[in-house]
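1. I need the structure of the sequence given here:
(chains A and B)
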Amino acid sequence: MTTLTAPVSPTAHAAVADAGIHLEIAGLSKRFGHFTALQDIDLTIREGEFVCFLGPSGCGKTTLLRAIAGLAPQSTGRIVQCGRNISRLPPQARDFGIVFQSYALFPNLTVFDNVAYGLRNRRDDRHRMRERVAELLTLVDLVGSEGKYPAALSGGQQQRVALARALATEPGLLLLDEPLSALDARVRVHLRSQIKALQARLGVTTIMVTHDQEEALAMADRIVVMNHGVIEQVGTPAEIYRHPASAFVAEFIGSMNFLECCPEGEQSLRLGQRRLDCTTHECADLEQARLAIRPEAVELCGRDEGLSARVEHIEFLGAFLRVSLTLEECQQALTADIAVRDGDALGLTPGMTLGVRLPAEAMRLFPSQEARP
Amino acid sequence: MMVGMPSWSRRWSGESLIRLLALLLALGLLVVGLLFPLAAMLVKSVQDRAGDFVGLANFARYVQTPALAGSIVNSLTIALTSTAVVVGLAFLCAYGLTRTCMPGKRLFRMLAILPILAPSLLPAISLVYLFGNQGWFREVLMGESIYGPIGIVMGLSFWIFPHALMILVTALSNSDARLYEAAEALGTPKWRSFFTITLPGARYGLISCGFVAFTLAITDFGVPKIIGGQFSVLATDVYRQVVGQQNFQMGAVVSVILLLPALLSFVVDRWIQRRQVAQLSARAVPWQPSPSPMRDWTFATICYGVGAIILLVIGTAIYASLVQFWPYNLSLTFKHYAFEALAGGGWTSWGNSLKLAFSVATIGTLAIFFNAWLIEKSEGYRPLRQGLHFLAMLPMAVPGMVLGLAYIFFFNQAGNPLNWIYGTLIILVLNTLVHFYTVCHLTSVTALKQLDPEFEAVGASLKVPFWTTFYRVTLPVSLPAVLDISVYLFVNAMTTVSAVVFLYTSDTRLASVAVMHLNEAGYFASAAAMAVLIFFTSLGVKLAHAAISHLLLTRAQRWRQAG
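-> Here you go, the predicted model:
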């Protein structure tokens, strides 16, 4: 049977296709009594990928992370890591490192002992252990802090010690549970890029839980947007931003205008009395729909062009102006972000009337809230 | 990857199995040390001497015997009066400590803790010297005898005072300055903000304090034993029925009755604790008293009055143990400390007490803290952990006399495989450990709740077995609480009489029991001497504890101040 011309068996083929997959979650649910925290989650994470679980608090993202770690086992469903079914294994038997929001550094151990905590257990000889700790501390830029206790470190430094400790045992999967939310804004932005660079260098598959969309957009290869225990959308930051799959995603990521409109056919809609062209949508059968458009996609022009709108309020935000408008015909509010120079060219003042253009390719239609299940 | 799996799952089942075993062991300890004996006692109370079931006949006989049933009224009267006295005094002193700028707060706190270090026999002995037939202040009683309700109330008040004070100081410390500032801004008079802010804020503490004082008073054996005279209470009835008349059935009946008020106050206390949780918000600003000479000196006078009484009572016992023959020959001597020729076992019993106290302090601290850790910090086996927590809370509701008697019934049964520990030091250790379990358990739980909940998860993710994380992180970080527990156990093992009075043998006689025997045999000065010896032993350990804690926190545990 082992002739070269023999057809490759189906299982062998599947194994080849799986090679790039690190984690596979299928049909995973988690219930606490009557409350369903996670419902029927299916997700595949590739080797070396940086994935963010993003969603409002209570959406189930931390529960999902803890299920992957085995800290809060799922009620039903399968988790397969590198071809190994880990669904029922305790955390000790799974291959991951974790950093918590509180860091959970051991306060009575020095930085060295914290980082070496998982190494000591492996009975590595002391020399190698010392080398490894030094290597890790170089990695997180904390050389010279070996003898300090956690209480003597700043929040950002503690965070990096926690990261070094989690990476010490060279786990195949790194889990980060809101690792930056306890830090102040400037440290957060700095650490964000540091963690991302470190992850790219080590190539370790990473899952980060966050409720901060900016963080997710900046760091993730792919974002998993979650709400009420289900996955709303999985995609690259650009996909999620440009083509949100649901009104929830559209509203949660970035800022978004929502206008009530009436779909007419598959490629147009009626806003007030005006008929507008838009990209193909799936709301053709509905009477009412929500038209979504990003503030930066809204174009302002002279009053005789486009839809006429009244300027209510202008906010100066440094790089751009945020203009609050009311569409005169349908009396709906609309926000536009425009460059300061364009604003000057139009001579923007509150109370003036001007024209608004909504580009067809920037518009997306979602079912009205009443129509949603 | 697949190769690693078998060893991993084997490791897991090993670790999980050890956890399960430890939980079962902890449950076993409390089932054997608490539940089974109590059950044996309940069974005994519905049997006749031959061991046949007689229903409630024993209880009926109890109610029909005026000499016995009268004790219920006596006990209630004594307990309620003592509670009123203690809570009133303790509230004044606690208010002085927390809400005034009275001078010498530290000194008063130290004085106030002293009564805990002595067995409850000591104040009773001192009161006899002070107010007895040859006492200095006999006339103060205006012809009333100290042997009886007056003496019992005084002795109990002295002994319970520190417990009440600690609860009320905690209750009154939780103050929110913002409320007082708001009241002041609205022009509220001081007396009104006391009744509308201070008292309501401390109400749970007051209720809890009342019940704790009541339980201690109604279950105490030492004070009424020494100074009760013909005035019998429930605790002394149990002793008299069992030791005096060998009527175990009636002893069991009285024990069941004694269990009721203690159980009631236990339930109420639990209920209060649950309601108290979110009383003070995290944003509260602690209230700082500002000097007010009139108020400060009033409270200083009250507190130092109380402090002086405490010193007087303890000082009397010390003095009485050192004079030749009270009150006729007041020259000093150490002869009363030569116990050898007298009843009570002498210095050997002191050695036994030390052995007991050290064993309970080391074994008990480790076992109780580890069990609390199993309950608080492990996943899985939820019903087992909840069951263990319930059993850990129960000892608080079981008076020492009841527990001691229950041990006789259970461990002295012929068929009991643990029968061999009867009459050894082991049964005393087990009994004392269980008797004082609850407070230690609560201290452990509080300390553990303050730790980061993710320590165990981090340990597991780094493939470190749970016991390593326990001894490398959890235990060192909780060390102050662990030391507190060990001293608490030591002092209580040193001073307790009620539980062990049924369980010692001539080989395992304890110092506190010796005090009672010396007193019964008429060696009053030597009884005082033994009580004083216990007091100074406890004091020494307490001071050593303070020194060790200080050293640990400043030297060995430098990390605590690293910030």
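
2. I'd like to know how many residues surround residue 188.
-> In the absence of a named chain, this looks at chain A. 19 (other C-beta atoms under 10 Å in any protein chain shown). For the C-beta atoms, the positions are set from N, CA and C on the backbone; glycine is no exception.

3. try again with chain B
-> Residues near residue B:188, counting by other C-beta under 10 Å, number 15.

4. Need the three-state assignment for it.
-> coil (DSSP: H, G, I helix; E, B strand; the rest coil).

5. if I look at the residue lying closest to it once chain neighbours are set aside, how far off is residue B:205?
-> Leaving aside its sequence neighbours, residue B:188 sits nearest to residue B:196 (C-beta to C-beta, 6 or more residues apart in numbering or on different chains; 7.6 Å). As judged by C-beta to C-beta, to the nearest Å, residue B:196 and residue B:205 stand 17 Å apart.

6. Over to residue A:38?
-> From residue A:38 to residue B:205 the distance is 43 Å (C-beta to C-beta).

7. Among the two, which residue is more densely surrounded?
-> Comparing residue A:38 with residue B:205 by other C-beta under 10 Å, the one with more neighbours is residue A:38, at 26 against 22.

8. secondary structure element for the more buried one?
-> Here residue A:38 sits within strand A:35-46, counting by DSSP states H and E.

9. Direction included, what does that strand pair against?
-> strand A:21-32 (antiparallel) (DSSP bridges).

10. For the partner strand, output the C-alpha coordinates as CSV.
-> Written as CSV, here are the backbone C-alpha positions of strand A:21-32 (Å, rounded to 0.1, in the frame of the first residue of the first chain):
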residue,chain,number,x,y,z
ILE,A,21,-4.1,25.5,13.4
HIS,A,22,-3.2,26.0,17.1
LEU,A,23,-6.6,26.0,18.8
GLU,A,24,-9.9,24.8,17.7
ILE,A,25,-13.1,25.4,19.7
ALA,A,26,-16.3,23.7,18.6
GLY,A,27,-19.8,24.0,20.0
LEU,A,28,-18.6,25.4,23.3
SER,A,29,-21.2,26.6,25.8
LYS,A,30,-21.0,27.6,29.5
ARG,A,31,-24.0,27.9,31.8
PHE,A,32,-24.1,29.2,35.4
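
11. what does it contact?
-> Strand A:21-32 is contacted from outside by A:36-49, A:60, A:63-64, A:67-68, A:72, A:74-82, A:172-173, A:205, A:207, A:229, using C-beta atoms under 8 Å, 6 or more residues apart in numbering or on different chains.

12. Quickly note the distance from the residue nearest to residue B:435 when sequence neighbours are not counted to residue B:432.
-> Computed as C-beta to C-beta, 6+ apart, the closest residue to residue B:435 that is not its neighbour in sequence is residue B:499, at 4.8 Å. Distance, residue B:499 to residue B:432, by C-beta to C-beta: 7 Å.

13. do residue A:36 as well
-> Counting by C-beta to C-beta, the gap from residue A:36 to residue B:432 is 49 Å.

14. Where is the longest helix in chain A?
-> Secondary structure assigned by DSSP state H gives helix A:185-202 as the longest helix of chain A.

15. Which positions in it come out as buried?
-> A:187-188, A:191-192, A:194-196, A:198-199 (16 or more other C-beta atoms under 10 Å in any protein chain shown).
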